[in-house]
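[1] Structure for the following, please:
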Amino acid sequence: MDKEAVIAQLNGLFQHTLGEARLLAITNQVPPLQQDARQPAYLPAPAEWPDPPLNDLHAIIPDWHYPCPQLCYQEIDYKGILWLRRQRQLGHQQPDQRGGPLLLSAATLPYCVESEALLLQHRSPRSATFPDSLHIIGGSLSPRQQERPLDRSLRDTALRESREETGLTLALPENSTVFLAIEYKTGCFQAVFVPQPVTAHALTTRHTTWEGELLCIPFRQLDRLLLDTWHSFGYRLVPSCLLHLLAWLASGGPGPSIRLGSQGVSAHALYQTVMDALQQQAAEQPEIFAAQFATTAVAPVLI
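    All right, here's what the predicted structure looks like:
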């Protein structure tokens with residue numbers, strides 16, 4: 001399917017109708033990272049503000065222009081992220097307006113052809129963003145731990161987060177399909193990678209962490225997942241999760257020979273069926289359309 005047409009179609013729903021996320025690109029080229037030499041760190045929180053129990057380092061980009069040759073980032077501690085969110089200064093408050101800095105993050109969309117299942121995460125009620133919701137597997141970029149370099153790229157972040165949150169070691173080739181997006185309410189610049197399929201044996205090693213439970217969604221239930229998550233699975237779906245799942249289907253999903261949904265159709269056919277239904281519902285029943293998604297983007301955090 002034509003990438004630009006898919007991007008425009010998805011942004012019509014998720015950016016202009018919902019005001020939740022914007023898909024920037026479907027690509028296999030992710031901009032490299034470069035720390036800002038002029039201002040390598042950004043620590044906006046007042047000194048007297050209490051430190052959180054874990055004050056890890058993350059990375060923000062103070063501004064963005066895509067496409068771009070590189071992502072020039074500044075280090076920021078978690079205390080600074082909490083402060084920016086408390087002040088409503090992280091990311092965009094409105095889709096049509098430029099906002100504050102964006103937090104770099106990466107995720108994966110693992111799936112298993114042998115088990116005919118897609119892997120998603122039911123996020124813990126204690127998660128800082130989108131608690132108790134169904135989402136893709138990932139997290140924010142950590143450039144270093146103390147003085148030890150950690151994530152040198154968004155690809156490194158995707159692999160590390162998948163390993164930490166699921167116990168799975170994924171194969172993520174350099175030419176993997178990547179969806180680049182902005183999640184407005186959390187202030188995240190997202191890079192979502194599609195890895196090579198995991199094996200059924202590998203799924204036996206998966207584990208659950210305090211951040212959430214790993215769920216295997218059968219391919220035959222993908223239409224129910226995309227159109228009626230709450231009634232079918234008992235979870236609210238994060239809007240950007242649905243955006244990336246639809247981009248995955250439009251890009252071919254798990255392969256042209258694999259049948260998906262209750263009707264056993266191709267990835268492209270399922271994409272079009274779901275998009276037609278979502279667009280119709282958004283036009284005719286906008287309140288019902290919006291109500292199916294997770295609404296608590298950032299949970300109250302006590303520090």
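[2] At which residues are the helices of the stretch 51-200 of the chain located?
    78-86, 154-166, 200-203 (DSSP state H, counting those that start in this stretch).
[3] whoops, the stretch 201-303 of the chain was the one
    222-227, 229-233, 239-250, 267-284, 286-291.
[4] I'd like the ones you listed as CSV, with mean neighbour count, mean pLDDT and distance to L103 appended.
    All C-beta atoms are positioned from the backbone trio N, CA, C, and that covers glycine. Conversion of the helices of the stretch 201-303 of the chain to CSV gives the following (neighbours: other Cβ atoms under 10 Å; pLDDT from 0 to 100; distance: least, Cβ to Cβ, whole Å):
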stretch, mean neighbour count, mean pLDDT, distance to L103
helix 222-227, 20, 97, 27
helix 229-233, 15, 91, 25
helix 239-250, 25, 98, 13
helix 267-284, 17, 97, 27
helix 286-291, 12, 92, 24
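[5] L104: which of these is closest?
    Nearest to L104 among those is helix 239-250 (14.8 Å), distances taken as Cβ to Cβ.
[6] Where does the prediction get shaky in the protein?
    92-99, 299-303 (pLDDT under 70).
[7] Specify the beta-bridge partners of L33.
    Judged by DSSP bridges, the bridge partners of L33 are L71.
[8] wait, isn't it in contact with L154?
    Yes - assessed by Cβ atoms under 8 Å, L33 is found in contact with L154 at 7.3 Å.
[9] any common contacting residues for these two?
    Contact criterion Cβ atoms under 8 Å, 6 or more residues apart in numbering; residues shared by L33 and L154: 71, 104, 141.
[10] and C216, what is it in contact with?
    Taking Cβ under 8 Å, 6+ apart, we find C216 in contact with 112, 115, 117-119, 203.
[11] Quick check: the farthest pair among those?
    Spatial extent of the contacts of C216 (Cβ to Cβ) is set by the pair L118 and L203 at 11.6 Å.
[12] Just want to know which of these two has more residues nearby.
    Between L118 and L203, L118 has the larger neighbour count (other Cβ atoms under 10 Å), namely 23 against 19.
[13] residue contacts, that one?
    109-111, 216-217, 219, 222, 225, 245.
[14] re the thing from before, the helices of the stretch 51-200 of the chain: which one's closest to R126?
    Nearest to R126, of all the helices of the stretch 51-200 of the chain, is helix 154-166, at 13.7 Å by Cβ to Cβ.
[15] can you list the helices of the stretch 201-303 of the chain in a markdown table and add distance to G19?
    A markdown table is the format used below for the helices of the stretch 201-303 of the chain (distance: least, Cβ to Cβ, whole Å):
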| stretch | distance to G19 |
| --- | --- |
| helix 222-227 | 20 |
| helix 229-233 | 19 |
| helix 239-250 | 9 |
| helix 267-284 | 12 |
| helix 286-291 | 9 |
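[16] quick one, which of the ones you listed is nearest to P195?
    helix 239-250 (11.4 Å).
[17] how close does the nearest residue to Q89 once chain neighbours are set aside get to G138?
    Of all residues not flanking Q89 in the chain, G100 sits nearest, at 4.3 Å (Cβ to Cβ, 6 or more residues apart in numbering). The gap separating G100 from G138 is 21 Å, by Cβ to Cβ, to the nearest Å.
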